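Novice: sequence-free structure coming up:
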């Protein structure tokens, strides 16, 4: 095998070389007297990426799922009612966690290919005159279906109905990639992970917490039984520049460099770059006969991952295995009900147009090998014409 295995799944994403080098260091003393200066700067700059001035950022040595659990267990109690929607594998898993942790879930089922149903949320919140709903959950970017939801719209619904519920956002495949405004949108708890837009290996669960959510936690000593994911323990040690347990120091060193890259470019520029890259992939899909996005319209289409239905009679699993075995390219699989029906191209993190043209080419060849009747080069040509335009 020659060259590299090409990675175009929607996470883990490609790690830039200077980020990788920043992690290739000897083990260090996480209790050293100069470690707090490093930690304080890191937490401050994470708030810039989240677009927040108040509140706190917590960084756990976990996946994003750990940050989900921390958000719930520190602000809600067993039996609390929450409003959620399910429209893909990851929103499904969030609902599953909420139920397993003892929350009473008021659930909006949504067609896979669409996202958070604002009008259904409006109806549920307006009807909840006793404010029994303690939190509203919204998955900003459903990684399984390539669908992005309107978080600003969820905040608008909360405000217009005068509802005091906390706003939880799953931003694992959106934060540091597409527009996210923690303060401006009134988000109370926002979860991300290191392996997506932050361009690192998996292993850090990152949680943004608003002042409102912190006050809920303080006033009630709120939440469920917890230990590892406790806000209180994190606050106590973070205030000294340390962590309540051994931190993933090498990942933190890499995070320092990835944050420098993001903030030097400017978050608006990062968002624009992802939109530009995504549009090239969408134009390729539109050029493939019989293929279409899982997202049910341009308003839903994600700028970090495209989930793509294969033509009738073509098993998406054959496309994925063909791309991997013949063309050394990893594409994302279809999850749950999309298994065998769709594959995914991740276009987030450290990418450029030529890399994406390679991914599109590999997918196109694998589609033809699996029996798709598409014109050779059609998707690549469509993407090329887009990427030749201004904005790269």
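Specialist: That came through fine. Bear in mind the structure is a predicted one, so any value in this text is a computation, not a measurement.
Novice: from residue 19, how far off is the nearest residue to residue 374 once chain neighbours are set aside?
Specialist: Beyond its immediate neighbours in the sequence, the residue positioned closest to residue 374 (C-beta to C-beta, 6 or more residues apart in numbering) is residue 288, lying 4.6 Å away. Backbone N, C-alpha and C define where each C-beta goes, glycine included. Remark: distance between residue 288 and residue 19 (C-beta to C-beta, to the nearest Å) = 33 Å.
Novice: show me the contacts for residue 101.
Specialist: Residues in contact with residue 101, defined by C-beta atoms under 8 Å, 6 or more residues apart in numbering, are 69, 72-73, 76, 78, 224.
Novice: in which helix or strand would I find residue 295?
Specialist: Residue 295 is part of no helix or strand, with elements assigned from DSSP states H and E.
Novice: of the contacts of residue 101, closest to residue 87?
Specialist: Top of the list for closeness to residue 87, among the contacts of residue 101 and by C-beta to C-beta, is residue 72 at 19.6 Å.
Novice: grab the nearest non-local neighbour of the closest one.
Specialist: Excluding the flanking residues, the one nearest residue 72 by C-beta to C-beta, 6+ apart is residue 101, at 5.6 Å.
Novice: name the element residue 32 belongs to?
Specialist: Under DSSP H and E, no helix or strand contains residue 32.
Novice: report how many residues lie close to it.
Specialist: As a burial measure, residue 32 scores 10 neighbours (other C-beta atoms under 10 Å).
Novice: likewise residue 327?
Specialist: Here the number of neighbours of residue 327 (other C-beta under 10 Å) works out to 20.
Novice: quick one, what contacts the closest residue to it other than its chain neighbours?
Specialist: Spatial nearest neighbour of residue 327, chain neighbours left out: residue 362 (4.2 Å); criterion: C-beta to C-beta, 6+ apart. Contacts were defined as C-beta under 8 Å, 6+ apart; by that measure residue 362 touches 6, 8, 323, 327-329, 331.
Novice: hmm, back to that, over to the residue nearest to residue 72: give its phi and psi.
Specialist: Here is the backbone geometry of residue 101 (degrees, to the nearest 10): phi -90, psi 0.
Novice: circling back: and the two most separated of the contacts of residue 101?
Specialist: Comparing all pairs in these by C-beta to C-beta, the longest separation belongs to 69 and 78, at 13.9 Å.
Novice: quick one, which of those two is more surrounded?
Specialist: When neighbours are counted by other C-beta under 10 Å, residue 69 comes out ahead of the other of residue 69 and residue 78, with 22 against 11.
Novice: got phi/psi on the residue nearest to residue 374?
Specialist: Residue 288 has phi and psi values of phi -90, psi 110 when expressed as degrees, to the nearest 10.
Novice: now do residue 314
Specialist: Comment: the main-chain dihedrals of residue 314 come out as phi -110, psi 120, following degrees, to the nearest 10.
Novice: how far away is it from residue 20?
Specialist: If you measure residue 314 against residue 20 using C-beta to C-beta, the figure is 36 Å.
Novice: same check on residue 226?
Specialist: If you measure residue 226 against residue 20 using C-beta to C-beta, the figure is 34 Å.
Novice: one more: residue 235?
Specialist: Computed as C-beta to C-beta, the residue 235 to residue 20 distance reads 32 Å.
Novice: tell me the pLDDT at residue 1?
Specialist: Residue 1 carries a pLDDT value of 60.
Novice: do residue 220 as well
Specialist: Residue 220 carries a pLDDT score of 61 in this model.
Novice: quick check: end-to-end length of stretch 94-109?
Specialist: For stretch 94-109, the first-to-last residue distance is 13 Å (C-alpha to C-alpha, to the nearest Å).
Novice: run the chain-centre distance for that stretch.
Specialist: Its chain's C-alpha centre lies 20 Å from the corresponding centre of stretch 94-109 when counted by C-alpha atoms, centre = their mean, to the nearest Å.
Novice: buried ones in it?
Specialist: The neighbour-count criterion (16 or more other C-beta atoms under 10 Å) identifies 94-95, 98, 101, 103, 105-106, 108 as the buried residues of stretch 94-109.
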